[in-house]
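K.L.:
Just to be clear, the model below is a prediction. Sequence and coordinates:
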Amino acid sequence: MDDVAAIKALKYRYLRTLDTKQWDLFAETLTPDVTGDYGSSLSFTDRDTLVDFMRGSVGPGVITEHRVDHPEIDVEGDEATGRWYLQDRVIVPDFSFMLFGAAFYADRYRKTADGWRISATGYDRTYEATLPLTDVPGFSLKVGPAIHT
């Protein structure tokens, strides 16, 4: 697999393991010194802190869907950068709440002995919208077996 294809697969695995709450596999997509910047009030300076935050805030009662496309990936040796268009949705049934929006991810990647890993990630929102689930007539939710608890 060439480097660009490997980086695409890495990003998709990062999102899949986030949405399915496979925290050990999610951690494996990141370097130990990863930085994360998800807006003005949410930033991280290492893998353990980032993974612990996700595990605690995106637990079994929170359903997430993250989709990225339109990758722009530049590889220079064992380092790379990437930009992705993100569309996401967060559903919190216990609070009758749904968020959806879009953003542009900016990532840095590093080739390690175990393959490409994300060394920095974050996004800038283009929009974010919320709505109470009670405003969606007939809304019903069934969570499938792909979600790990």
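P.N.:
All right, it came through fine. Computed from a prediction, not measured in an experiment: that's the story for all the values here.

K.L.:
Run through the strands of the chain in chain order.
P.N.:
With strands called from DSSP state E, the chain shows them at 30-37, 43-44, 63-76, 79-92, 97-112, 115-132.

K.L.:
I'd like the ones you listed laid out as JSON lines, including distance to Ala9, mean pLDDT and mean neighbour count.
P.N.:
Where you see a C-beta, it was placed from the backbone N, CA and C, and this is true even at glycine. Formatted as JSON lines, the strands of the chain follow (distance: least, CB to CB, whole Å; pLDDT from 0 to 100; neighbours: other CB atoms under 10 Å):
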{"stretch": "strand 30-37", "distance to Ala9": "15", "mean pLDDT": "96", "mean neighbour count": "18"}
{"stretch": "strand 43-44", "distance to Ala9": "23", "mean pLDDT": "93", "mean neighbour count": "16"}
{"stretch": "strand 63-76", "distance to Ala9": "11", "mean pLDDT": "97", "mean neighbour count": "14"}
{"stretch": "strand 79-92", "distance to Ala9": "12", "mean pLDDT": "97", "mean neighbour count": "17"}
{"stretch": "strand 97-112", "distance to Ala9": "12", "mean pLDDT": "97", "mean neighbour count": "17"}
{"stretch": "strand 115-132", "distance to Ala9": "8", "mean pLDDT": "96", "mean neighbour count": "16"}
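
K.L.:
With respect to Leu18, which of these lies nearest?
P.N.:
Comparison of the strands of the chain against Leu18 by CB to CB identifies strand 63-76 as nearest, at 6.3 Å.

K.L.:
And for the closest one, what's in contact with it?
P.N.:
3-4, 7-8, 11-12, 15, 18-19, 58, 80-93, 105, 141, 143, 147 (CB atoms under 8 Å, 6 or more residues apart in numbering).

K.L.:
still on that earlier bit, in CSV: the strands of the chain, plus distance to Val51.
P.N.:
Formatted as CSV, these follow (distance: least, CB to CB, whole Å):
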stretch, distance to Val51
strand 30-37, 7
strand 43-44, 9
strand 63-76, 15
strand 79-92, 18
strand 97-112, 16
strand 115-132, 12
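
K.L.:
Fine by me, we can end here.
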